[in-house]
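S.K.: fold the following for me, if possible:
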Amino acid sequence: MGIPSRITILAGTLALSLGSWASAYCAEGDGRTDRGSVEQIVHDYLLEHPEVLEQALAKVEDLRKKESDARSRASIVRLRNDLVADHDDPVAGDPKADVTIVEFFDYGCPYCKQVETSLQALLHSDPHLRIVYKEFPILGKNSTYAAKIGLAAKEQGKYLPLHVAMMTTKGQLTEEVVLHLATDLGLDLSRLQKEAASQEVEAALKRNNNLAEALAIKGTPAFIIGDELIPGLVEIDSLKEKIAALRKPS
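M.R.: Prediction:
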């Protein structure tokens, strides 16, 4: 929603609120000030000082963000075990890491692909970091197929190589392209396709979808570090700062 539309809504809300206040003021006053006069004063003031609407809008949005962040943190705390300790999730890095990053991603998402190289560099440069991969295919059937094949590759010990291969492949990840990548990595295709169609893989994707819904994650990528949800593309330096902050003695 653009600024003009939001200001219009806010102005309407203020008008209703001020109208109620004007009625109460007039009812409790000495009878010499009527509602119309009060509303005219307010109207004239807002026309002379339109920046008040911008300031009020910024305040409302700040309060809403704080409320949203608080709800998000509470949900992360409540769902902590499902986020970082689901044994069916693919993971990379140190099993005893002091910091874990949880990533919700889609193989068809260009922003997920864009951040992948930085994530791998971060993983290799930080020996005490762990990444939990949450397959969250929301961009169509190709994404869903790639996610299922990715999870199935975990059973052959090849999740991470296939994950990186799919993330760094340009163009559409069609079924043909995905299977070609799996073949190049030496995966057993018959076993891979059978396990990709299993109830276990379907259940894993459903759990991820339920988690995303509970956390109000609408798109990819989305990262969870500590008790913070970071939606969208994030700079690697920002991730490093957040990791460092979590490691500071409390």
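S.K.: okay, CA-based contacts and neighbour counts for the rest of this
M.R.: Will do.
S.K.: quick one, what contacts residue 166?
M.R.: Neighbour list for residue 166: 107, 146, 173, 178, 181 [criterion: C-alpha atoms under 8 Å, 6 or more residues apart in numbering].
S.K.: and the last one, how close does it get to residue 165?
M.R.: Spelled out, it's residue 181. Residue 181 sits 7 Å away from residue 165 when distances are taken as C-alpha to C-alpha, to the nearest Å.
S.K.: residue contacts, the residue lying closest to residue 139 once chain neighbours are set aside?
M.R.: The spatial neighbour of residue 139 that comes closest, neighbours along the chain excluded (C-alpha to C-alpha, 6 or more residues apart in numbering), is residue 108 at 6.4 Å. For residue 108, the residues meeting the contact criterion (C-alpha under 8 Å, 6+ apart) are 137, 139, 142-143, 172-173.
S.K.: now do the SS call for residue 92.
M.R.: Reducing the assignment to helix, strand or coil with DSSP: H, G, I helix; E, B strand; the rest coil, the entry for residue 92 is strand.
S.K.: pLDDT score for it?
M.R.: Here the pLDDT value assigned to residue 92 is 96.
S.K.: on that earlier part again, got a markdown table for the contacts of residue 108, with distance to residue 152 and pLDDT too?
M.R.: What follows is the contacts of residue 108, written out as a markdown table (distance: C-alpha to C-alpha, whole Å; pLDDT from 0 to 100):
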| residue | distance to residue 152 | pLDDT |
| --- | --- | --- |
| 137 | 15 | 97 |
| 139 | 19 | 96 |
| 142 | 15 | 97 |
| 143 | 14 | 97 |
| 172 | 20 | 91 |
| 173 | 16 | 95 |
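S.K.: just checking, next helix/strand downstream of the lowest-mean-pLDDT helix or strand in the chain?
M.R.: Of all the helices and strands that make up the chain, helix 3-28 has the lowest average by mean pLDDT, DSSP states H and E, namely a mean of 52. The first helix or strand that comes after helix 3-28 along the chain, using DSSP states H and E, is helix 35-48.
S.K.: which other helices and strands contact that next one?
M.R.: helix 3-28 (3 or more C-alpha pairs under 8 Å, 6 or more residues apart in numbering; DSSP states H and E).
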